[in-house]
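1. quick one, structure for this:
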Amino acid sequence: MLGYALRRVVQPEDAADIVAETMLVAWRRIDEVPTGSEARPWLFGVARRVLANGRRGSRRRHNLAERLRGELGALRVPDQPAMVETSVLVRAALDRLEPDDREILRLTSWEGLQPHEIAMVVEMPAATVRTHLHRARRRLRHELERDGLARDDGERSAPTGHVHRDERELVRDAEDEP
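-> Purely as a prediction, here's the structure:
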């Protein structure tokens, strides 16, 4: 079996995996393994199918990697040192907030949850979550400004901190009204 596998793989270490998988199939299907001289060709047939499955899997992985390279190639890779420094400063600013503020901000920003979903997680009304989210964002912005990190990234937030997908404000505070 090992010689059969060695002659059919590029990397010799892959041959041991082929033999192991072949023997595993034989063990699982022990009642189907022929007796006598028919066992050897049967095992070769199993090894042949194991090799074919491995090639198909390798081809699928290669095709997926090529597709991902094409899709991700168009993405701009940020400057790693600057990104790490910013990440550390943002985490430090988050750490200075109250635990409830941190959790609501993380749920919305990191986990991508909407206020009604956050309400289920933290077990409070959605309107209360929106208020907490607005205040938490304002406190975080203040902390980031203190560290010199706050900047206008083009996102227009509503007074409650929510932005419609097309950037229209969802809710206005009463004090904003004339």
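2. pLDDT weak spots in the chain?
-> 73-80, 82-83, 150-178 (pLDDT under 70).
3. name the SS class of the residue nearest to the spatial centre of the chain, please.
-> Nearest to the geometric centre of the chain sits Glu111, at 10.6 Å (C-alpha atoms, centre = their mean). For Glu111, the assignment made with DSSP: H, G, I helix; E, B strand; the rest coil gives coil.
4. packing partners for whatever helix or strand Ala16 lives in?
-> For Ala16, the host element (DSSP states H and E) is helix 12-28. In this structure, helix 12-28 packs against helix 2-6, helix 39-73, with contacts taken as 3 or more C-beta pairs under 8 Å, 6 or more residues apart in numbering; DSSP states H and E. Backbone N, C-alpha and C define where each C-beta goes, glycine included.
5. need these in JSON lines with distance to Leu107, can you?
-> Output for these, formatted as JSON lines (distance: least, C-beta to C-beta, whole Å):
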{"stretch": "helix 2-6", "distance to Leu107": "51"}
{"stretch": "helix 39-73", "distance to Leu107": "27"}
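6. tell me which of those helices sits most buried.
-> Most buried of the helices and strands packed on helix 12-28 by mean neighbour count (mean count of other C-beta atoms under 10 Å) is helix 2-6; its value is a mean of 14.
7. who are the neighbours in contact with the residue nearest to the centre of the chain?
-> Going by C-beta atoms under 8 Å, 6 or more residues apart in numbering, Glu111 touches no other residue.
8. Ala5 now?
-> Per C-beta under 8 Å, 6+ apart, neighbours of Ala5: 14-16, 18-19, 22, 47, 51.
9. next: Arg8.
-> 15, 18, 51.
10. ok, and it, which helix or strand is that part of?
-> Using DSSP H and E, no helix or strand contains Arg8.
11. and it, how close does it get to Gly70?
-> Between Arg8 and Gly70 the distance, using C-beta to C-beta, to the nearest Å, works out to 31 Å.
12. how about Gly54?
-> 25 Å.
13. also Trp27?
-> For Trp27 relative to Gly70 (C-beta to C-beta), the value is 42 Å.
14. residues of the one helix or strand Val90 maps to that come out buried?
-> Assigned by DSSP H and E, Val90 belongs to helix 80-95. By 16 or more other C-beta atoms under 10 Å, the buried positions in helix 80-95 come out as 90, 93-94.
15. helices or strands up against it?
-> Taking 3+ C-beta pairs under 8 Å, 6+ apart as the contact cut, helix 80-95 packs with helix 99-109, helix 126-146.
16. so which of these is nearest Pro115?
-> helix 126-146 (4.7 Å; C-beta to C-beta).
17. now do that closest one against helix 99-109, angle only.
-> 100 degrees (axes from the mean of the first three to the mean of the last three C-alpha atoms, to 10 degrees).
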